[in-house]
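Colleague: quick one, what's the 3D model for this:
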Amino acid sequence: MEENFLVIGGNSDVAGSLIDKFLDSGANVTVLVREKSSYIQSNHDRLHVVIGDATSEEDVKNAVEKSSEHGTIQGIAHCVGSIVIRPPHALKKSVFEEVISTNLTSAFLALSIGGRAMIRQGYGRMVFCSSVAGSLGLVNHEAISAAKGGIESMVRSAAATYAQRGLRINAVAPGLTETKMAAKILASEAMKEVAAGKIPLKRLNQRDEIADTMHWMLTTAPDNFTGQVLHLDGGMSQILV
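Modeller: Next up is the predicted model:
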């Protein structure tokens, strides 16, 4: 059976690497993006692009339906995210709500609408993107911590809800990763050195490390692996050195 995957938020660096891994293995991949970019090889015959907003119920539904046209959906990767580092007293309510919508609401829609399709199939895997900020108190990260912490709690609850219906639901929680999203806070070598100095392994994440892990979770991870949050943060959330 030809494998078939859906990536929601396909324009991120991590999503780009994940999409390449799926295509290299011969799978069909449907991606939901706001606009096409260099990461989306629109001329690939197994890559199917849906233009839309991950916070729109209708657009997510369209992406799931488009993916289903190419067979049962083995896995859904939610790669939507944002970085807002600002203390609460300097953060407008509208910005906080946008962070929640971009990260948490879009994740819920992927879970709800994608989950409905997978229940009909009788099986499927999902992986969501959290952050080290979801479980570790970091200065000025209140908005993103609230959103990512919500994702982690949602993943655990959904894994329990759908355990007997064939769904396996997990998340990755990376530390700071060298991507275009993090470009502003990693704009110089000095800034990179300071950031890496806070990590036990003294280095930043690379996007392929995140993509490799998500690919494993959606393909060859054991069937009894569910409700887990894998911390890909160089030990930052778990150890002191």
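
Colleague: for stretch 112-119, which positions count as buried?
Modeller: 113-115, 117-118 (16 or more other Cβ atoms under 10 Å). Heads up, the C-betas are built off the backbone N, CA and C, glycines and all.

Colleague: quick one, longest strand in this protein?
Modeller: Using DSSP state E to assign secondary structure, the strand with the most residues in the chain is strand 167-174.

Colleague: on that earlier part again, looking at the buried residues of stretch 112-119, which is nearest residue 12?
Modeller: Proximity to residue 12 was ranked across those by Cβ to Cβ; first place goes to residue 114, at 17.8 Å.

Colleague: so which strand or helix has the closest one?
Modeller: helix 106-121 (DSSP states H and E).

Colleague: which residues does that helix contact?
Modeller: 6, 8-9, 54-57, 60-61, 64, 68, 72-73, 76, 78, 80, 124, 126, 128, 150-151, 154, 158, 162, 165-167, 169 (Cβ atoms under 8 Å, 6 or more residues apart in numbering).

Colleague: what about the strands in the chain?
Modeller: Taking DSSP E to define them, one finds strands in the chain at 4-8, 28-33, 47-51, 75-78, 124-129, 167-174, 229-232.

Colleague: mean neighbour count and mean pLDDT for the ones you listed - can I get that in TSV?
Modeller: Supplementary listing: the strands of the chain in TSV, determined by neighbours: other Cβ atoms under 10 Å; pLDDT from 0 to 100:
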stretch	mean neighbour count	mean pLDDT
strand 4-8	27	98
strand 28-33	26	96
strand 47-51	18	94
strand 75-78	28	98
strand 124-129	26	98
strand 167-174	25	96
strand 229-232	20	93
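
Colleague: run the chain-centre distance for the helix or strand bottoming out on mean pLDDT in the chain.
Modeller: Among the helical and strand segments of the chain, the one scoring lowest on mean pLDDT, DSSP states H and E is helix 189-197, with a mean of 73. Relative to the centre of its chain, helix 189-197 is centred 25 Å away, using Cα atoms, centre = their mean, to the nearest Å.

Colleague: counting contacts, what elements does it pack onto?
Modeller: The helices and strands touching helix 189-197, judged by 3 or more Cβ pairs under 8 Å, 6 or more residues apart in numbering; DSSP states H and E, number zero.

Colleague: keeping just the C-alphas, turn that helix into CSV.
Modeller: Once non-C-alpha atoms are left out, helix 189-197 reads as follows in CSV (Å, rounded to 0.1, in the frame of the first residue of the first chain):
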residue,chain,number,x,y,z
GLU,A,189,27.4,34.3,15.9
ALA,A,190,27.5,36.0,19.3
MET,A,191,23.8,35.5,19.8
LYS,A,192,24.0,31.9,18.8
GLU,A,193,26.9,31.4,21.2
VAL,A,194,24.9,32.9,24.1
ALA,A,195,21.8,30.7,23.2
ALA,A,196,23.9,27.5,22.9
GLY,A,197,25.5,28.3,26.3
